[in-house]
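K.L.:
Test case, fold it:
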Amino acid sequence: MSRITDFLHSSSAVDTVSAAISAAKSNHSFNALLSLSETRALERARAVDSGEITGRLAGVPFIAKDNFMTFGGPTTAASHFLETFEAPLQATAIEKLEQEGAICIGKANLDAFAHGGSTENSAFGPTKNAVDQTRVAGGSSGGSAVAVALGIVPFAVGTDTGGSIRQPASFNGVVGVKPTYGTVSRYGVVAMASSTDTIGCFTTNVADAELVMSIIAGRDQRDMTTLPDFFVPTETVAAQKIGIIKEFMTDDVDAGVRQQVSEYSEKLQAAGHVVEEVSMSMLQYALAMYYIIVPAEISSNLARYDGIRYGKRAASSDLSELYGASRDHGFEAENKRRIMIGSYVLSSGFFDAYYLQAQKARTLLINEFNALFETYDLLIGPVAPTPAFRLGENASDPVKMYLADIMTVPASLAGLPAMSIPGGTTAEGLPVGVQLIGQRRADADLLAVAKSVEDVL
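P.N.:
Numbers count the residues shown, from 1 in each chain. Here you go, the predicted structure:
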């Protein structure tokens with residue numbers, strides 16, 4: 001699998017970028033990419049070869065999830081609403097990568113507006129799993145994960161609101177990092193849920209993830225939620241006390257998944273860390289909290305899509321009709337479902353009963369995490385209760401689809417750093433990811449622990 005250092009040692013950026021574009025085209029059956037920025041990518045590659053562009057990632061190709069605003073092609077968020085939208089600016093994360101010489105070759109498929117856990121909700125068709133094309137890629141950042149797993153590029157950037165980086169990373173056997181909330185600027189990224197949206201990356205190894213995160217992290221005056229610079233990579237980490245989450249290791253979880261988590265725990269111990277079982281009573285309520293709070297924020301953030309200011313506009317001379325027809329055509333079924341749920345829980349008479357109670361429960365969940373972190377440095381568990389499920393298997397049952405997020409949403413609600421690390425495969429040969437969860441702003445330690453296991457291996 002591709003590593004960033006392999007690309008840095010290539011003799012020609014033009015050859016490297018051309019090869020990545022060719023690989024993207026030859027793997028079109030996976031539907032991982034929605035567009036290629038061929039002209040702009042090759043222009044930047046020539047500038048790298050001439051010495052005009054330099055940096056830690058000079059000449060390294062990458063792919064951005066198509067909810068990042070970028071130059072060189074449309075930014076669609078995998079929706080009909082934005083399928084012809086050309087971004088007037090670039091996301092801060094993309095700008096930072098380009099300042100270090102990285103070259104964006106294209107945009108990855110996702111669930112429309114990042115609403116989903118399988119990339120089956122894309123307006124342009126589902127992305128297929130990198131290992132088994134009869135199965136889902138995971139979501140919502142499925143295209144980014146598959147592009148890295150197929151070796152098209154050494155890294156890709158994505159968003160994680162409730163598991164949208166970690167779950168597809170697990171399903172495709174790559175590393176996926178969700179940082180502490182506020183580590184990376186969200187400026188220039190299509191908003192989903194503003195209190196849990198985070199920007200992270202996919203790579204094939206932890207060292208590459210550490211490099212990418214160190215570049216895109218940092219304060220941004222255009223995003224008031226960004227934290228002061230704190231992410232400083234570390235080569236070594238002291239022995240950590242790690243809690244394995246009991247509620248995530250029950251018989252309801254696939255046996256192959258549990259086995260990989262147990263085996264990874266043994267590797268942590270072999271690397272000098274201590275692993276003990278812990279329990280969290282609030283986890284049973286996390287999914288219910290998430291699917292009240294997040295749809296509420298979605299309904300607010302999607303109100304801007306009305307067919308007037310930008311995006312597709314329905315043909316109608318009646319304003320009310322124009323709004324309705326534009327939104328009906330522009331949004332997918334899952335977008336509409338979340339808007340309706342969010343509008344309901346925010347409406348008069350239900351705000352106190354649902355939204356307010358969910359926010360109070362969220363505080364209790366955060367307090368429980370904080371109490372555990374007084375004793376433990378990190379937590380470990382599965383990323384998802386199963387490996388990748390089959391295409392169409394959960395598509396007709398939204399609740400079943402939501403349950404796939406049950407192990408990733410707690411860290412998102414608490415704003416904690418978490419990552420998916422390849423643990424191994426099931427008997428069927430399907431990848432299984434192991435989830436590590438750290439304390440707020442302990443992102444560097446989280447990555448260092450994961451690296452210590454890679455060193456053992």
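K.L.:
Every contact and neighbour count from this point should use C-alpha atoms.
P.N.:
OK.
K.L.:
since we're on Ser347, how many residues are nearby?
P.N.:
In terms of burial, Ser347 registers 13 neighbours under the definition other CA atoms under 10 Å.
K.L.:
ugh, wrong one, Thr203
P.N.:
32.
K.L.:
Leu416 - that's part of a helix, no?
P.N.:
No: Leu416 is assigned coil when assessed by DSSP: H, G, I helix; E, B strand; the rest coil, not a helix.
K.L.:
tell me the contacts of it?
P.N.:
Leu416 makes contact with 179-181, 437-441, according to CA atoms under 8 Å, 6 or more residues apart in numbering.
K.L.:
Quickly name whichever of those is closest to Phe124.
P.N.:
Closest approach to Phe124 among those (CA to CA): Pro179, at 28.8 Å.
K.L.:
Next, the contact list for the residue lying closest to that closest one once chain neighbours are set aside, please.
P.N.:
Excluding the flanking residues, the one nearest Pro179 by CA to CA, 6 or more residues apart in numbering is Pro417, at 4.3 Å. Each residue near Pro417 by CA under 8 Å, 6+ apart is listed here: 177-181, 411, 437-443, 446.
K.L.:
try Ala23
P.N.:
Each residue near Ala23 by CA under 8 Å, 6+ apart is listed here: Ile152.
K.L.:
which SSE is it in?
P.N.:
When secondary structure is defined using DSSP states H and E, the element that contains Ala23 is helix 13-26.
K.L.:
same check, this time on Phe62
P.N.:
Here Phe62, judged by DSSP H and E, is contained in strand 61-65.
K.L.:
what lines up beside that strand in the sheet?
P.N.:
Counting by DSSP bridges, the strands paired with strand 61-65 are strand 103-108 (parallel), strand 155-160 (parallel).
K.L.:
Show me what the mean pLDDT comes to for that strand.
P.N.:
Across strand 61-65, pLDDT averages out at 98.
K.L.:
Same check on stretch 252-260?
P.N.:
Within the predicted structure, the mean pLDDT of stretch 252-260 is 97.
K.L.:
cool, stretch 386-401 as well?
P.N.:
Rounded mean pLDDT across stretch 386-401 is 95.
K.L.:
same deal with stretch 106-120?
P.N.:
So the average pLDDT for stretch 106-120 ends up being 98.
K.L.:
what's the offset of it from the middle of its chain?
P.N.:
Remark: stretch 106-120 is offset 10 Å from the chain centroid, using CA atoms, centre = their mean, to the nearest Å.
K.L.:
Test my guess that Tyr290 contacts Thr408.
P.N.:
No: under the criterion of CA atoms under 8 Å, Tyr290 makes no contact with Thr408, lying 10.4 Å away.
K.L.:
between these two, what contacts are shared?
P.N.:
Both Tyr290 and Thr408 are in contact with Gly162, where contact means CA under 8 Å, 6+ apart.
K.L.:
more crowded one of these two?
P.N.:
Neighbours of Tyr290 and Thr408, each counted by other CA under 10 Å, are more numerous for Thr408; the result is 28 against 24.
K.L.:
and the lengthiest helix in the chain, C-alpha only, in CSV?
P.N.:
When the chain is parsed with DSSP state H, its longest helix is helix 283-301. Provided in CSV are the C-alpha atoms of helix 283-301 (Å, rounded to 0.1, in the frame of the first residue of the first chain):
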residue,chain,number,x,y,z
LEU,A,283,-23.2,4.7,26.2
GLN,A,284,-26.7,3.1,25.9
TYR,A,285,-28.2,6.5,25.4
ALA,A,286,-25.5,8.0,23.0
LEU,A,287,-27.2,7.0,19.8
ALA,A,288,-30.5,8.5,20.9
MET,A,289,-28.8,11.7,21.8
TYR,A,290,-27.0,11.9,18.5
TYR,A,291,-30.0,11.4,16.4
ILE,A,292,-31.8,14.2,18.2
ILE,A,293,-29.0,16.8,18.4
VAL,A,294,-27.4,16.2,14.9
PRO,A,295,-30.7,16.3,12.9
ALA,A,296,-31.6,19.5,14.8
GLU,A,297,-28.3,21.1,13.6
ILE,A,298,-28.8,19.7,10.1
SER,A,299,-32.2,21.2,9.7
SER,A,300,-30.7,24.6,10.6
ASN,A,301,-27.6,24.2,8.3
